[in-house]
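A.B. asks: Generate a structure from the sequence data that follows.
(2 chains)
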2 protein chains.
Amino acid sequence: MEKQLTNPLAALPQAVEFWFEFGSSYSYLTAMRIEDCARAAGVPLLWRPFLLGPIFRSFGWETSPFVLQEAKGRYMWRDMEREALRLGLPFRRPSQFPRIALLPMRVATLGAAEPWIGEFCRRVMRQNWVEDREIDNADAVRSALDGLVPDADATLGAALAPANKLRLRARTEEAAARGIFGAPSFFVGDELFWGNDRLEAALALAGGRA
Amino acid sequence: MEKQLTNPLAALPQAVEFWFEFGSSYSYLTAMRIEDCARAAGVPLLWRPFLLGPIFRSFGWETSPFVLQEAKGRYMWRDMEREALRLGLPFRRPSQFPRIALLPMRVATLGAAEPWIGEFCRRVMRQNWVEDREIDNADAVRSALDGLVPDADATLGAALAPANKLRLRARTEEAAARGIFGAPSFFVGDELFWGNDRLEAALALAGGRA
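C.D. replies: Sure thing, here's the model as predicted:
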């Protein structure tokens, strides 16, 4: 029998891509815990903010399916309460749903590879899903950036630059092209997982335990 | 301090209602294991066959969302493969989806409280999701009933009686009235759970462990 050469890279964990929207309820349940979960699994994490609105419009829907289908929406609010409790996360049903999130999504796009991205996303999610605050304005975003960047207004300015706006649009087009139809979604290589319920399976695959 | 009277019934497990369709992919993953899981949890199980078609039509859809939304459908088939593997269940993607299941659904309605209901449902599910057989005909249903009832033709006849047809229609109307929007679904009292992923949570609540 020949001696087999082994590829030392084969044992390394793959990254998990986290595709999310601040306006998406189940994205909240993932965003609050994914950094800790990925670290515990030894899996590199890539933040992938994208806009759900254009995806839904491509299906002919003018808003969230949780609004369009009343029974499904009623169920989702109850399921969110139960799942937040199970995961030990605070949760208050927002008075507005789905909340427009364009400005913080642009900031998340700008900062996706920065060390502050996780904390920024958790703060914006908390504003929407715990504090019931509007999030699509400079005041809310400035308070979410507080202490994370040297100059929040400079970050806001960069987020509003045409190149960054285009980057978020390109991310959204990439999501559609790769078959994403809702949020949260995860990619491990070309393997797609949909929903907060699949976070553990995605991390297991990425970490080589699936 | 007064001595408290305790209600001995309060500690008894509640039943779980299993609402399902033979044509529903994720109902397959639940139907194959729910009898064992409920027994292990000490939870009484109530089989609740209902028709998904009228529910979908009430949303303005002429067929399954997995057909109407191509990306979601593509994802579902991959997710079914992964989930069947995880649960140790055989699975072959059927050449027809969604498969019409009216006749076996009527037999399941007739036998919902009979001791053979579990085995009958697993056999019909296997025909659709493993053997890729048409299930809406007397031959398929007879073979699924084989050895379970004394006279399969008599059972088929009773399933086609007007009173039993009305019973399935009433079940479907009950599903819609109670807020069911997909399958599988579970009720524990008035608490609704949706999806194979929520079987464990429903059983935990029913068994008093949630």
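A.B. asks: mind listing the strands for chain A?
C.D. replies: For chain A, the strands defined by DSSP state E cover A:16-20, A:45-49, A:185-188, A:191-194.
A.B. asks: Mean pLDDT and mean neighbour count added to those strands, as JSON lines?
C.D. replies: Every C-beta, even on glycine, is put in place using the N, C-alpha and C of the backbone. Output for these, formatted as JSON lines (pLDDT from 0 to 100; neighbours: other Cβ atoms under 10 Å in any protein chain shown):
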{"stretch": "strand A:16-20", "mean pLDDT": "98", "mean neighbour count": "25"}
{"stretch": "strand A:45-49", "mean pLDDT": "98", "mean neighbour count": "21"}
{"stretch": "strand A:185-188", "mean pLDDT": "98", "mean neighbour count": "24"}
{"stretch": "strand A:191-194", "mean pLDDT": "98", "mean neighbour count": "21"}
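A.B. asks: Tabulate those strands (a markdown table), appending distance to chain B.
C.D. replies: What follows is the strands of chain A, written out as a markdown table (distance: least, Cβ to the nearest Cβ, whole Å):
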| stretch | distance to chain B |
| --- | --- |
| strand A:16-20 | 13 |
| strand A:45-49 | 16 |
| strand A:185-188 | 9 |
| strand A:191-194 | 6 |
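A.B. asks: What about the closest residue to A:Asp146 other than its chain neighbours, how many residues nearby?
C.D. replies: The shortest distance from A:Asp146 to any non-neighbouring residue, by Cβ to Cβ, 6 or more residues apart in numbering or on different chains, is to A:Ala152 (6.8 Å). By the measure other Cβ atoms under 10 Å in any protein chain shown, the count of residues near A:Ala152 is 18.
A.B. asks: any idea how far A:Ala152 is from B:Gly88?
C.D. replies: Distance of A:Ala152 to B:Gly88, given as Cβ to Cβ, to the nearest Å: 52 Å.
A.B. asks: Tell me how many other residues surround A:Arg86.
C.D. replies: Neighbours of A:Arg86 under the rule other Cβ under 10 Å: 12.
A.B. asks: now swap in A:Gln127 and tell me
C.D. replies: When neighbours are counted by other Cβ under 10 Å, A:Gln127 registers 22.
A.B. asks: OK, contacts around A:Leu85?
C.D. replies: Going by Cβ atoms under 8 Å, 6 or more residues apart in numbering or on different chains, A:Leu85 touches A:Phe91.
A.B. asks: per-residue confidence for it?
C.D. replies: In this model, A:Leu85 is scored at 97, pLDDT.
A.B. asks: For A:Asp197, see how far away it is.
C.D. replies: According to Cβ to Cβ, A:Leu85 stands 15 Å off from A:Asp197.
A.B. asks: Kindly report the same for A:Glu173.
C.D. replies: For A:Glu173 relative to A:Asp197 (Cβ to Cβ), the value is 26 Å.
A.B. asks: Restrict the helix ranked longest in chain A to CA atoms and write it as PDB.
C.D. replies: Secondary structure of chain A per DSSP state H: the longest helix is helix A:70-87. What follows is helix A:70-87, C-alpha atoms only, in PDB (Å, rounded to 0.1, in the frame of the first residue of the first chain):
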ATOM      1  CA  GLU A  70     -51.600  37.100   9.100                       C
ATOM      2  CA  ALA A  71     -51.600  33.600  10.700                       C
ATOM      3  CA  LYS A  72     -47.800  33.200  10.000                       C
ATOM      4  CA  GLY A  73     -47.200  36.600  11.500                       C
ATOM      5  CA  ARG A  74     -49.200  35.900  14.600                       C
ATOM      6  CA  TYR A  75     -47.200  32.600  15.000                       C
ATOM      7  CA  MET A  76     -43.900  34.300  14.500                       C
ATOM      8  CA  TRP A  77     -44.400  36.700  17.400                       C
ATOM      9  CA  ARG A  78     -45.200  33.900  19.700                       C
ATOM     10  CA  ASP A  79     -42.300  31.800  18.500                       C
ATOM     11  CA  MET A  80     -40.000  34.700  18.900                       C
ATOM     12  CA  GLU A  81     -41.000  35.100  22.600                       C
ATOM     13  CA  ARG A  82     -40.500  31.400  23.200                       C
ATOM     14  CA  GLU A  83     -37.100  31.200  21.300                       C
ATOM     15  CA  ALA A  84     -35.800  34.400  23.000                       C
ATOM     16  CA  LEU A  85     -36.600  32.900  26.400                       C
ATOM     17  CA  ARG A  86     -35.000  29.600  25.400                       C
ATOM     18  CA  LEU A  87     -31.800  31.400  24.300                       C
END
